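S.K.: next one to model:
(chains A, B and C)
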Amino acid sequence: MKVSAVITLKKDVLDPQGKVIHQALDGMGFKNISEVRQGKYFEIDVNENDPSKAKAVVEDMCKKLLANLVIENFKIIETQ
Amino acid sequence: MEVNEQIAIDHGLKSDEYKKICQLLKRTPNITELGIFSAMWNEHCSYKSSRLHLKKLPTKGKKVIQGPGENAGVIDIEDGDAIVFKIESHNHPSFIEPYQGAATGVGGIMRDVFTMGARPIANLNSIHFGSPQHKKTKNLLRGVVHGIGGYGNCMGVPTIAGQTSFDSSYNGNILVNAMTLGLVKKNKIFYSKAAGLNKPVIYVGSKTGRDGIHGASMASASFDEKIEEKKPTVQVGDPFTEKLLLEACLELMAGDSIIAIQDMGAAGLTSSSIEMASKGNLGIEIDLNKVPCRETKMTPYEIMLSESQERMLIVLENGKEETAKKIFDKWNLDFAVIGKTTNSKNIELFFNQEQVTKIPVNILVENSPMYDRKWKKSKLPKKNKIKNEVLKELKIKDVLKKILSNQNICSKEWIWQQYDHTVMGDTIQKPGGDSGVVRVHGTNKAVAASVDSSAVYCWAHPLTGGKQVVAESWRNLISVGATPIAITNCLNFGSPEKEDNMGEFVECVQGIGEASKYLNFPVVSGNVSFYNQTKEVGIKPTPSIGGVGLIKDYKKMISMDLKEIDNLVLIIGKTEGHIDQSLFARTILDEKNGPPPEVNLFNEKNNGESILNLIDKEYVKSAHDISLGGLLVAISKMCIKGNKGIKINKSKNLMNEIEYFFSEDQGRYLIEINKEDLKEVTKILDKNSVYYEEFGIITKNDIIINEKTKLTIDELKSYYTSWLAKYMS
Amino acid sequence: MKSSVITFPGSNCDRDMDVALKKFGFKNKMVWHDDNELPKSDLVVLPGGFSYGDYLRCGSMASKSKIMQSVINFAKSGGLVMGICNGFQILVETGLVPGVLLRNKYLEFICKNVFVKLDNKENAYFKNLNKDILEFHIAHNEGNYFCTKDQLKEIKDNNQIAIYYCNSEGKIEDQYNPNGSIKNIAGIFNKEKNVLGMMPHPERMIDESLSGEDGSLFFKNLLNNIK
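M.R.: A predicted model of the protein is given here:
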């Protein structure tokens, strides 16, 4: 079963990349933006058929490796 | 919110300190004021446990332009040029988030240097990790190395030297010490002392967010229940913005707009504004609504305590606001006039038209606490008696193999290859040598720098250890042909509230002071990092010493690689066979007790100066100091780097060969000279009463230790180069 | 001979390139990314560094900056444009040269000397160079050159490969490939050979005290070819 997770910097943590991408887009004429934040997206194929179990495994991965909870949040977004 | 003693304690203040605050203010501080006191009176800003002892360090000298007390130290390198340099720790953040912790450490120290008007020209670092077997070590090492590289490489400043060690005492508390050197014209150095009334105070760089606001402070918790989301305690570094900030600041500094400038490092706007006011004996007034903020609804408390990176505070000449703004606009950086200097001698903060803080500046600075902590003196441990039978059973080749591949000796190429060490086009000695060397751009001069620490010696006997680190830094500069000028120190210790740890601190500082005084090698900047401990156990005392020296003609620089077959190698300094606390004793004999090798400062000075004399007369073809691992390790490195062998003479020394080859007696070097110069060289050495031995003659490709022991350079290389890369793969 | 070096926010080898070009006789001008017009030039250099912090994709944002339109026009009219390291990354983002530069295979920044073999001397950059193997210096995190099979065939057919990573004898093998580049490619041309993108930094090897001197050969030869 495939589980997707999105890791983002916590709300108040500076996102230097997002900031510069925002500036570049603005310079190119995309004026209608209030903020850009960049994150990471993972697709993990878990050998598990039970969606809730698969999610739990990925959640564990996020906590232990994929995200650093000091500065990042994670969200399990879908399973298929 | 009402402030009370408990809230003060939650801010890390002691009960007495809180009482003193109320007394001095003649009232209870409000929460913003309490935050300001807690930041200014904490160990990092006030040096309250260390100040008393740091005062004893020699900080003056003919070449010293600026000693401790400014953003960084400054030394004179002649012709109107000066070098600005400092080392600083970023230990705790690097343990929590190794990449960002290390990156912002590098960013912070570079800011300290360019704040003074100097363009950074070299970075160094000293990093210490737990045992390689510890489960966290590998990831921490990788994260820290990537973080240091990520920031330094992006800034375009070469990382030219460093030191890496592993010891289980760092298992729960790694050390990341970053050092930067900058180049400035002597008459264009900028200081943090504000001057003049009603001068505009401007804020430049990144916006202020809730980065690094004291995670532990409960008072801020009550601002919002969602404390976890709100309180990132590790800042994220943005090297790109810092690069822009560097260029913008240097552009502004080329003119005459700036009166004073200070980077916002620890305790951000609080310490930068107060320090500028305090040094100028002025007051300062800030309208917090004008501070560029990244988040909405930031409170005065948060704005004042934020540790967002890549920001500077500047006091400008009147009427220069537009000129300055144009430059920061060009570099796409925030610029805001946030206040002015006053004659009130108070720090006054306004928010939504209300005064939210009014504190006399001198209360925060001069009246900050200073403690004479209790400390315990260390005795010199008794020497171990190592039985001759034990030594006789050992094979030199086996021992050498083990020591060369030991994690604390082996090649660190895996690390420094990830640092851009050649950008700026002036690196003439890369990492892996005794010191890194960069040319002073466009001149014949070069600056050498090295960073050293010997935690094992400091742990065994802090006084000796302190002296030894300074002596080693001195030797590393001499070995590349540089005249040592001054040092910066990063003092990493356990808790000052524990007598043992405090004793280690006091005696290491004493040792550093003695050596730097004797060698005329003053301390011009530095930083103290206490509370490096897990639960109750402190790390091994680890003062890191960053030394800087000058090479007047860069073409006379010396490196350690053996140059020519049939040249002779001399040992300078006497080998006494001191095995205790050597790498040999620890790894081969598993013996952890005993005294460290003695440091004889007369010999250090005499040997070093004599070698400089020989280098100046162009007798020395290659040189290397003999330190960790001893004689055979030193010559092995010279052979590996030069891709040549050596036939070692039978020593006239009567001690056991193992003791001869692996002891770590101080004050020693290996130098390569031409056969024909032997007479002249020994004449000079004799005249200066320098002890020397003829060690061997350079050969094509084998290292021949005695009749029975011979190794090829390839063998040596494979022992020396494989451990780290294998460990990390 | 006139050259222009473009400074983007985050460029950090712009000064080094300026020093090198001047040392070998170019009259060099520094050009700001936000300018509209290139000064009259015989050579335009996009230097190394971390333009826009290398954020999003290396070179992506710099390729959209104001000056790049005139650089592109200059290249299309046959002018010499050379991109080094980050400059190469910017060139691929503009599409002036084909392919992309991925993160190094071993996921680490690499700073070291490498050998490169010239593949094509029928161009202004390498013509008359009396050596086929040069010792250059690399310092990058994203130098892993990649292109599709069709593109590879096309650039081979058009002799667009400029240099390959190799050993000191010129052997082009996997073990001498520092970053995982397809076919050991270290630098490529556009079809017309007036645009060159390469990862190595010749400007870091311009005197005997530095990592080597093959950069001097390159610049001297380049100047002579342009004259």
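S.K.: how many residues are close by residue B:674?
M.R.: The number of residues packed near residue B:674 is 17, by other CB atoms under 10 Å in any protein chain shown. All C-beta spots, glycine's among them, are computed from the backbone N, C-alpha and C.
S.K.: and the pLDDT at it?
M.R.: With respect to pLDDT, residue B:674 scores 98.
S.K.: what are the pairing partners of the helix-or-strand element of chain A with minimal mean pLDDT, and which direction each?
M.R.: Ranking every helix and strand in chain A by mean pLDDT, DSSP states H and E puts strand A:72-79 at the bottom, with a mean of 86. Here strand A:72-79 is paired, per DSSP bridges, with strand A:2-9 (antiparallel).
S.K.: ok, and what's touching the partner strand?
M.R.: For strand A:2-9, the external contacting residues (CB atoms under 8 Å, 6 or more residues apart in numbering or on different chains) are A:15, A:37, A:39-46, A:54-55, A:57-58, A:61-62, A:66-67, A:71-80, B:236.
S.K.: can you check stretch A:52-68 too?
M.R.: If you take CB under 8 Å, 6+ apart as the criterion, stretch A:52-68 is touched by A:1, A:3, A:5, A:7, A:40, A:42, A:44, A:46, A:48, A:69, A:73-74, A:76, A:79, B:97.
S.K.: biggest helix in chain C, by residue count?
M.R.: helix C:214-226 (DSSP state H).
S.K.: and the contacts of it?
M.R.: Contacts of helix C:214-226 (CB under 8 Å, 6+ apart): C:1, C:20-21, C:23-26, C:42-43, C:80, C:124-131, C:134-137, C:201-207.
S.K.: distance check, the residue nearest to residue A:24 when sequence neighbours are not counted against residue C:51.
M.R.: Leaving aside its chain neighbours, residue A:24 sits nearest to residue C:61 (4.1 Å; criterion: CB to CB, 6 or more residues apart in numbering or on different chains). Taking CB to CB, to the nearest Å as the measure, residue C:61 falls 7 Å from residue C:51.
S.K.: who's more crowded, those two?
M.R.: Neighbour count, other CB under 10 Å: between residue C:61 and residue C:51, residue C:51 has more, with 30 against 26.
S.K.: pretty sure that one contacts residue C:9?
M.R.: Yes: in terms of CB atoms under 8 Å, residue C:51 counts as a neighbour of residue C:9; the distance is 6.6 Å.
S.K.: got the residues of the stretch 501-650 of chain B near chain C?
M.R.: B:554-555, B:557 (CB under 8 Å from any CB of the partner chain).
S.K.: closest one to residue B:676 out of those residues, please.
M.R.: residue B:555 (21.2 Å; CB to CB).
S.K.: tell me the contacts of the closest one?
M.R.: With the criterion set at CB under 8 Å, 6+ apart, residue B:555 makes contact with B:444, C:209.
S.K.: how does it look with 10 Å?
M.R.: B:428, B:444, B:446, B:481, B:618, C:208-209 (CB atoms under 10 Å, 6 or more residues apart in numbering or on different chains).
S.K.: mind checking which helix or strand of chain B has the lowest mean pLDDT?
M.R.: For chain B, judged by mean pLDDT, DSSP H and E, that is helix B:218-221, with a mean of 35.
S.K.: so what are the sheet partners of the host helix or strand of residue C:135 and their directions?
M.R.: Per DSSP states H and E, residue C:135 falls inside strand C:133-140. With DSSP bridges as the test, strand C:133-140 is paired with strand C:110-118 (antiparallel).
S.K.: export the partner strand as CSV, just CAs?
M.R.: This file holds the C-alpha atoms of strand C:110-118, laid out as CSV (Å, rounded to 0.1, in the frame of the first residue of the first chain):
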residue,chain,number,x,y,z
ILE,C,110,32.9,17.6,-3.8
CYS,C,111,35.9,19.9,-3.9
LYS,C,112,38.9,18.4,-5.5
ASN,C,113,41.2,18.3,-8.6
VAL,C,114,40.0,16.2,-11.5
PHE,C,115,41.4,15.4,-15.0
VAL,C,116,39.3,16.2,-18.0
LYS,C,117,39.8,15.1,-21.6
LEU,C,118,39.0,17.4,-24.5
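S.K.: what mean pLDDT does it get?
M.R.: 97.
S.K.: got the buried residues for that strand?
M.R.: C:110-111, C:113-118 (16 or more other CB atoms under 10 Å in any protein chain shown).
S.K.: check those residues and tell me the two furthest apart.
M.R.: Maximum pairwise distance among the buried residues of strand C:110-118 (CB to CB): 22.8 Å, between C:111 and C:118.
S.K.: let's see the pLDDT reported for residue B:230.
M.R.: The model reports residue B:230 with a pLDDT of 42.
S.K.: what residues are up against residue C:21?
M.R.: C:1-5, C:27-29, C:43, C:45, C:203, C:206, C:219, C:222-223.
S.K.: in CSV: the contacts of residue B:555, plus pLDDT and neighbour count.
M.R.: Output for the contacts of residue B:555, formatted as CSV (pLDDT from 0 to 100; neighbours: other CB atoms under 10 Å in any protein chain shown):
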residue, pLDDT, neighbour count
B:428, 97, 22
B:444, 97, 13
B:446, 98, 27
B:481, 98, 30
B:618, 97, 11
C:208, 91, 10
C:209, 92, 16
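S.K.: secondary structure and distance to chain A for the residues you listed - can I get that in CSV?
M.R.: Below are those laid out as CSV (DSSP: H, G, I helix; E, B strand; the rest coil; distance: CB to the nearest CB, whole Å):
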residue, secondary structure, distance to chain A
B:428, strand, 33
B:444, coil, 40
B:446, strand, 34
B:481, coil, 41
B:618, coil, 50
C:208, coil, 39
C:209, coil, 36
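S.K.: closest to residue B:603 out of the residues you listed?
M.R.: Each of the contacts of residue B:555 was checked against residue B:603 using CB to CB; the closest is residue B:481, at 19.8 Å.
S.K.: now the residue in chain A that chain B sits nearest to: closest residue in space that isn't a chain neighbour?
M.R.: Relative to chain B, the nearest point of chain A is residue A:16 (3.5 Å; CB to the nearest CB). Distances taken as CB to CB, 6+ apart put residue B:238 closest to residue A:16, at 3.5 Å, once the chain neighbours are dropped.
S.K.: residues contacting that neighbour?
M.R.: Here residue B:238 is in contact with A:14-17, A:19-20, B:103-104, B:107, B:151, B:154, B:205-206, B:244-245, B:308-310, C:53, C:55 (CB under 10 Å, 6+ apart).
S.K.: and residue C:24, by the same measure?
M.R.: Applying CB under 10 Å, 6+ apart to residue C:24 gives the contacts C:1, C:206, C:215-216, C:218-224.
S.K.: sorry, back to before: could I get the contacts of residue B:555 as JSON lines with distance to residue B:580?
M.R.: As requested, these are exported to JSON lines (distance: CB to CB, whole Å):
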{"residue": "B:428", "distance to residue B:580": "38"}
{"residue": "B:444", "distance to residue B:580": "45"}
{"residue": "B:446", "distance to residue B:580": "38"}
{"residue": "B:481", "distance to residue B:580": "32"}
{"residue": "B:618", "distance to residue B:580": "38"}
{"residue": "C:208", "distance to residue B:580": "45"}
{"residue": "C:209", "distance to residue B:580": "42"}
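S.K.: near the closest residue to residue C:165 other than its chain neighbours, how many other residues are there?
M.R.: Of all residues not flanking residue C:165 in the chain, residue C:184 sits nearest, at 4.4 Å (CB to CB, 6+ apart). When neighbours are defined as other CB under 10 Å, residue C:184 has 22 of them.
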